[in-house]
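A.B. asks: Compute the structure for the input listed below.
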Amino acid sequence: MTESSRRAGRAEAGDRYIVRFGRSVYQALGLVVAAGVALSACAGGEDEGESRDRNDAPQGWSVCNELFGAGRIDRLQDEMGGGTLAVLNAGTPVGELMSGRASVARSWKPGSEAHYANTSRPCDLGIDGTSKRFHAYVSWSVDSPEDIRAGDAGEGWQSLGKDVYVRREDGGLHLTAAIPCKIEGSHKAQEAELPLEVETEVRNVPEFDTELLSEMTAQLARKLAHGLPCRNDPAVPSEL
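C.D. replies: Numbering: from 1, shown residues only. From the prediction side, this is the model:
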């Protein structure tokens with residue numbers, strides 16, 4: 001082989017190497033770009049959740065999310081319409097809510113009325129600058145299950161199995177649930193005479209999804225039954 005032929009062969013081999021090397025670099029860059037796009041998409045999803053228009057109330061949002069589930073709070077905001085969704089109360093930590101409710105039940109005696117004015121409001125929300133509101137209330141009922149069955153607790157109560165009574169008002173935008181709940185260490189008549197009462201209400205949002213409110217009310221009731229806890233293990237359905 002002549003010198004010129006060897007030079008031509010080496011040049012051709014060098015060209016092939018450059019092409020292969022270029023393809024490798026291109027493929028590697030493609031993988032990097034694809035990974036970057038994927039990470040960007042993931043980050044975008046998180047940013048989207050964090051970019052919801054809400055006031056700065058870390059403890060309040062933590063309480064509402066723990067009691068109802070963050071996804072349901074997101075859906076509630078969608079139903080409430082535009083504007084800044086704000087926590088309107090201080091937001092008592094869930095542990096304190098549970099211990100406080102249990103303490104009231106343990107101090108109850110037949111004929112006592114001390115619990116009548118003892119109501120917790122764990123999650124109050126509203127759209128800033130409007131009258132659109134969501135309220136949640138937790139208490140020990142002034143009416144026993146027997147009162148409800150006898151019609152002495154007002155009209156509109158419905159039985160959902162043996163454990164839950166529900167009253168729907170304002171077209172389903174105001175729900176009250178009464179649930180027999182035995183607290184350990186309480187008076188022996190407490191379960192029969194002092195049911196747990198859970199109430200939710202939406203104001204000035206007439207098109208609000210009543211099924212969502214029903215689901216949120218049931219979730220709050222189940223959370224309380226588990227956290228207090230109710231020793232009789234009441235059967236609370238997924239919707240009320």
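
A.B. asks: Wait, a strand at Val138?
C.D. replies: Yes - counting by DSSP: H, G, I helix; E, B strand; the rest coil, Val138 is found in a strand.

A.B. asks: so where does Val118 fall, helix or strand?
C.D. replies: For residue 118 the amino acid is Asn, not Val. Applying DSSP states H and E as the criterion places Asn118 outside every helix and strand.

A.B. asks: who's in contact with it?
C.D. replies: Shown in contact with Asn118 (CB atoms under 8 Å, 6 or more residues apart in numbering): 104, 139-140. Where C-beta positions appear, they are placed from N, C-alpha and C, glycine not excepted.

A.B. asks: go again using 10 Å as the cut-off
C.D. replies: By CB atoms under 10 Å, 6 or more residues apart in numbering, Asn118 lies in contact with 100-101, 103-104, 107, 138-140.

A.B. asks: PyMOL command for the buried members of those?
C.D. replies: The following PyMOL line selects those of these that are buried, judged by 16 or more other CB atoms under 10 Å:
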select buried, resi 101+104+138+139+140
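
A.B. asks: The contacts of Asn118: which two are farthest apart?
C.D. replies: With distance counted by CB to CB, no two of the contacts of Asn118 lie farther apart than Ser107 and Val138, which are 16.3 Å apart.

A.B. asks: neighbours of Ala218, just the number please.
C.D. replies: Other residues within reach of Ala218 by the criterion other CB atoms under 10 Å amount to 22.

A.B. asks: Surely it and Gly69 touch.
C.D. replies: No - between Ala218 and Gly69 there is no contact, the gap being 11.2 Å when judged by CB atoms under 10 Å.

A.B. asks: Tell me the spacing between the residue lying closest to Thr200 once chain neighbours are set aside and Tyr137.
C.D. replies: Nearest residue to Thr200 in three dimensions, chain neighbours excluded: Thr217, at 4.7 Å (CB to CB, 6 or more residues apart in numbering). The span separating Thr217 from Tyr137 equals 11 Å under the rule CB to CB, to the nearest Å.

A.B. asks: That'll do, ta.
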